[in-house]
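Asker: Predicted coordinates and the sequence they were generated for:
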Amino acid sequence: MNKQQQLVAQIQEQIQQGILLSGQKLPSIRVMSQTNHCSPSTIIGAYEQLARERWIYAMDRSGYYVAQQGYHQQRYPVRDQVDLSSAAPAPELFPYDDFQSCLNQATQVYRDQLFSYGMPQGLPPLLCEVRQQLEEVQVFARESQLFVTSGIQRALSILTMMPFPNVRQTIMIEQPSYHLLIELLGALHVPVEGVERTVHGLDWEKVERLFQSGKIKFFYVIPRFHNPLGTSLSTSDKKRLVALATKYDVYIVEDDYLSDLEHAVSNDPLYAYDTSEHVIYLKSYSKILFPGLRIGVAVLPEALISTFSQYKRLLDIDSSVLSQAALHMYIKNGMFTRYRRYLLEGYDRRIAQLHRTLDKLSADPIFANAPRNQAVHTFLRLPDNFPTSVLIKRLAQQKIVVGDGSQHFLANSPYTMNLLRINVSNVPEEQIDSTLQIIAKEIRKLSITPKL
């Protein structure tokens with residue numbers, strides 16, 4: 001074992017034994033070099049190896065710190081309640097200590113800006129980091145096109161209320177779709193049209209008919225890992241949708257809320273195919289970090305920037321500067337990339353277990369027909385006359401939390417489906433099989449013949 005490997009093993013042991021604590025700063029390269037009688041390059045090599053293996057992390061112009069422990073050996077505790085309704089990561093996966101370090105550093109670096117207004121577009125250093133992140137998913141934009149909002153919901157509120165260059169009022173959404181947008185449109189009494197989306201894609205005949213009507217302001221769509229279906233639009237469908245939007249002067253609001261959980265580098269967003277500036281791209285950080293972080297990013301066409309900025313000043317003023325500053329540090333220091341990799345590894349195991357259990361239960365068409373893809377959520381299509389509310393109550397008595405699909409459809413929508421939403425992002429891997437087995441057992445007890 002050479003000197004570098006000796007140092008790596010020594011530091012790992014000190015971390016495991018609690019001698020070095022999470023968030024603690026490591027000695028500088030110069031001090032370590034003198035103490036261990038070796039060259040600075042040896043220390044740099046050891047620190048870089050430890051950072052790659054997620055034992056430590058680097059903070060810009062500050063040094064190296066001990067990472068939150070668990071990234072390399074996390075086990076998920078068995079909880080009393082299994083929640084299949086939440087899209088957030090399990091609380092024990094949240095990078096509390098790492099993010100706390102970034103909050104502390106942000107407080108020092110941005111203390112003069114924390115309690116003042118004046119950055120309605122967002123914190124400039126964060127915008128720079130976000131722009132680079134977006135380029136990794138084929139969203140190429142100038143920083144002047146980026147706006148940080150207090151979550152994606154706030155961006156949707158602004159887009160719903162502000163006028164668009166096409167001078168139209170009606171908003172078009174998929175059926176099913178994001179339930180909070182449906183509630184927002186109802187509360188604001190905005191005219192809305194629904195178009196059916198199934199596991200096979202969109203109802204293209206109705207899409208074009210509504211676009212052609214000349215009344216659609218924008219079409220809100222979730223191309224990647226649709227909520228609640230879990231499916232994604234094909235490349236040909238995405239190109240087709242953008243072409244129709246251009247042809248009929250309809251804007252597309254693309255909610256890419258799970259882009260950070262994508263493996264396929266070739267699965268480009270709608271934005272990548274837009275050459276006429278008709279796509280508004282939305283990115284969220286709440287589904288990969290803390291739900292309470294409330295930071296979203298909107299990428300706007302040039303024609304919408306001025307109006308969006310005016311309405312944002314009225315409805316959002318400034319998104320939390322402290323949260324933005326901490327997120328900037330978290331991304332810049334490489335912690336976001338490291339945490340994303342760690343989270344994906346855990347999600348991949350959950351998804352694989354979900355698929356294995358669905359296959360095991362596939363003698364029942366309800367489970368055989370559940371979509372299987374790389375999303376952490378799917379759904380069970382139940383017969384139209386199935387007493388889903390009774391099933392949900394029975395499962396709740398066994399401490400299994402599930403939701404139906406009713407809130408994802410417009411009132412009196414002709415496209416409603418009787419479905420049970422299954423999301424395993426918040427479920428320990430070892431509890432997925434037993435939980436679905438219980439669900440299957442309760443479905444059988446209700447003695448309803450599937451009508452698929």
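Answerer: Right, received. Where do you want to start?
Asker: Return the set of buried residues in stretch 139-151.
Answerer: 139, 141, 145-151 (16 or more other Cβ atoms under 10 Å). All C-beta spots, glycine's among them, are computed from the backbone N, C-alpha and C.
Asker: cool, and stretch 343-361?
Answerer: 343-344, 346-347, 350-351, 353-355, 357-358, 361.
Asker: what's the answer for stretch 385-393, then?
Answerer: Per 16+ other Cβ under 10 Å, stretch 385-393 contains these buried residues: 386, 388, 391-392.
Asker: would a markdown table of these with secondary structure and distance to Val8 be doable?
Answerer: Shown next, in a markdown table, are these (DSSP: H, G, I helix; E, B strand; the rest coil; distance: Cβ to Cβ, whole Å):
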| residue | secondary structure | distance to Val8 |
| --- | --- | --- |
| Phe386 | coil | 57 |
| Thr388 | helix | 54 |
| Leu391 | helix | 52 |
| Ile392 | helix | 51 |
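Asker: got the residue ranges for the strands in the stretch 51-200 of the chain?
Answerer: Taking DSSP state E, counting those that start in this stretch, the strands of the stretch 51-200 of the chain run over residues 56-59, 63-66, 82-83, 146-149, 170-175, 192-198.
Asker: Strand 170-175 and the last one, what's the angle between them?
Answerer: Strand 192-198 and strand 170-175 are oriented at 20 degrees to each other (axes from the mean of the first three to the mean of the last three Cα atoms, to 10 degrees).
Asker: quick one: strands adjacent to strand 192-198?
Answerer: strand 170-175 (parallel), strand 201-202 (antiparallel) (DSSP bridges).
Asker: now swap in the first one and tell me
Answerer: When sheet partners are counted by DSSP bridges, strand 56-59 sits next to strand 63-66 (antiparallel).
Asker: For the strand it pairs with, give me every contacting residue.
Answerer: The set of residues external to strand 63-66 that reach it, using Cβ atoms under 8 Å, 6 or more residues apart in numbering, is 15, 20-26, 28, 47, 50-51, 55-59, 101.
Asker: if we go to 10 Å?
Answerer: Here strand 63-66 makes contact (Cβ atoms under 10 Å, 6 or more residues apart in numbering) with 11, 14-15, 20-29, 32, 43-44, 46-48, 50-51, 55-59, 97-98, 101, 105, 333, 335.
Asker: Report the mean confidence score over that strand.
Answerer: Strand 63-66 carries an average pLDDT of 84.
Asker: Counting neighbours, show which residues of stretch 411-421 come out buried.
Answerer: Per 16+ other Cβ under 10 Å, stretch 411-421 contains these buried residues: 413, 416-421.
Asker: which residue packs closest to Gln310, ignoring adjacent ones?
Answerer: Distance criterion Cβ to Cβ, 6 or more residues apart in numbering; nearest residue to Gln310, sequence neighbours excluded, is Met162 at 7.8 Å.
Asker: Please, where are all the helices along the stretch 301-450 of the chain?
Answerer: For the stretch 301-450 of the chain, the helices defined by DSSP state H, counting those that start in this stretch cover 302-315, 321-332, 335-360, 365-368, 388-397, 429-445.
Asker: I'd like a version of those helices in a markdown table, one that adds mean pLDDT and distance to Ser286 as further columns.
Answerer: Conversion of the helices of the stretch 301-450 of the chain to a markdown table gives the following (pLDDT from 0 to 100; distance: least, Cβ to Cβ, whole Å):
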| stretch | mean pLDDT | distance to Ser286 |
| --- | --- | --- |
| helix 302-315 | 95 | 19 |
| helix 321-332 | 91 | 11 |
| helix 335-360 | 92 | 13 |
| helix 365-368 | 96 | 30 |
| helix 388-397 | 95 | 25 |
| helix 429-445 | 95 | 23 |
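Asker: Run the chain-centre distance for the helix or strand bottoming out on mean pLDDT in the chain.
Answerer: Ranking every helix and strand in the chain by mean pLDDT, DSSP states H and E puts strand 56-59 at the bottom, with a mean of 77. What separates the centre of strand 56-59 from the centre of its chain is 24 Å, taken as Cα atoms, centre = their mean, to the nearest Å.
Asker: CA-only coordinates of that strand in PDB, if you can.
Answerer: Extracted C-alpha coordinates of strand 56-59, given in PDB (Å, rounded to 0.1, in the frame of the first residue of the first chain):
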ATOM      1  CA  ILE A  56     -15.400  14.200   1.800                       C
ATOM      2  CA  TYR A  57     -16.300  17.100  -0.400                       C
ATOM      3  CA  ALA A  58     -14.500  20.300  -1.500                       C
ATOM      4  CA  MET A  59     -15.800  23.800  -0.900                       C
END
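Asker: Please give the number of neighbouring residues around Ala363.
Answerer: Neighbours of Ala363 under the rule other Cβ atoms under 10 Å: 8.
Asker: picking that back up, possible to save the buried residues of stretch 411-421 as a markdown table with pLDDT and distance to Asn227?
Answerer: As requested, these are arranged in a markdown table below (pLDDT from 0 to 100; distance: Cβ to Cβ, whole Å):
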| residue | pLDDT | distance to Asn227 |
| --- | --- | --- |
| Ser413 | 89 | 16 |
| Thr416 | 88 | 16 |
| Met417 | 90 | 14 |
| Asn418 | 94 | 17 |
| Leu419 | 94 | 12 |
| Leu420 | 96 | 14 |
| Arg421 | 95 | 9 |
